[in-house]
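Q: Coordinates for the following, if possible.
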Amino acid sequence: MSTYIKGQNEILYVWDGVDTYEPVVCLTSSGLSETVDEITGRTKCDENGATQKQAGAYSYEIPFEGLYATTEVDKISWAEIRTKLRSLGTFTWKIETTYPDASTDAEYGTAYFSSLEKTGAVDEFMTFSGTLMGSGLIVATDPNV
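A: Below you'll find the model as predicted:
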């Protein structure tokens with residue numbers, strides 16, 4: 001029987017630019033969406049008008065949501081993400097999954113923050129959400145080692 005992995009066992013980290021990956025503070029959810037574009041074509045050699053299809057450009061994005069919190073040591077806060085977004089730069093990220101047997105799996109990549117939003121409704125905790133847009137491929141080896 002399959003063992004299900006809870007969302008709290010997967011953490012999104014952002015490289016601090018110096019020596020460590022910092023988890024994004026107070027996330028309530030994060031994801032990873034990968035896409036491959038389709039290249040379609042037809043030639044006079046294709047029988048009965050058959051269309052040829054091939055994999056094209058690869059892209060990915062990482063959406064995330066959380067509760068707005070004050071800055072914590074060794075964690076990246078909304079304010080720090082805002083600064084990174086406004087710098088228009090790319091950053092290394094890591095997603096680490098911990099399994100029930102305590103083993104881990106990590107994926108790494110480079111991305112830029114393409115969106116960031118915070119919401120503050122009366123009588124509710126403030127929330128934030130954003131998206132990292134990938135640049136290049138996702139890899140299994142830490143590029144900062």
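Q: spatially speaking, which residue is in the middle of this protein?
A: Ile62 (2.8 Å; C-alpha atoms, centre = their mean).
Q: Now name the helix or strand holding that residue.
A: strand 52-67 (DSSP states H and E).
Q: before we move on, what about Arg86?
A: Assigned by DSSP H and E, Arg86 falls in helix 78-87.
Q: That helix: what's the following helix or strand?
A: strand 91-98.
Q: Provide the backbone phi and psi angles at the residue nearest to the residue nearest to the centre of the chain when sequence neighbours are not counted.
A: Using C-beta to C-beta, 6 or more residues apart in numbering and skipping the chain neighbours, the partner closest in space to Ile62 is Leu132 (4.1 Å). Heads up, the C-betas are built off the backbone N, CA and C, glycines and all. Backbone torsions for Leu132, taken as degrees, to the nearest 10, come to phi -100, psi 130.
Q: Can you give me the neighbour number for Leu132?
A: Counted with other C-beta atoms under 10 Å, the neighbours of Leu132 add up to 28.
Q: Looks like it contacts Thr110 (just checking).
A: No. Counting by C-beta atoms under 8 Å, Leu132 stays clear of Thr110, with 9.5 Å between them.
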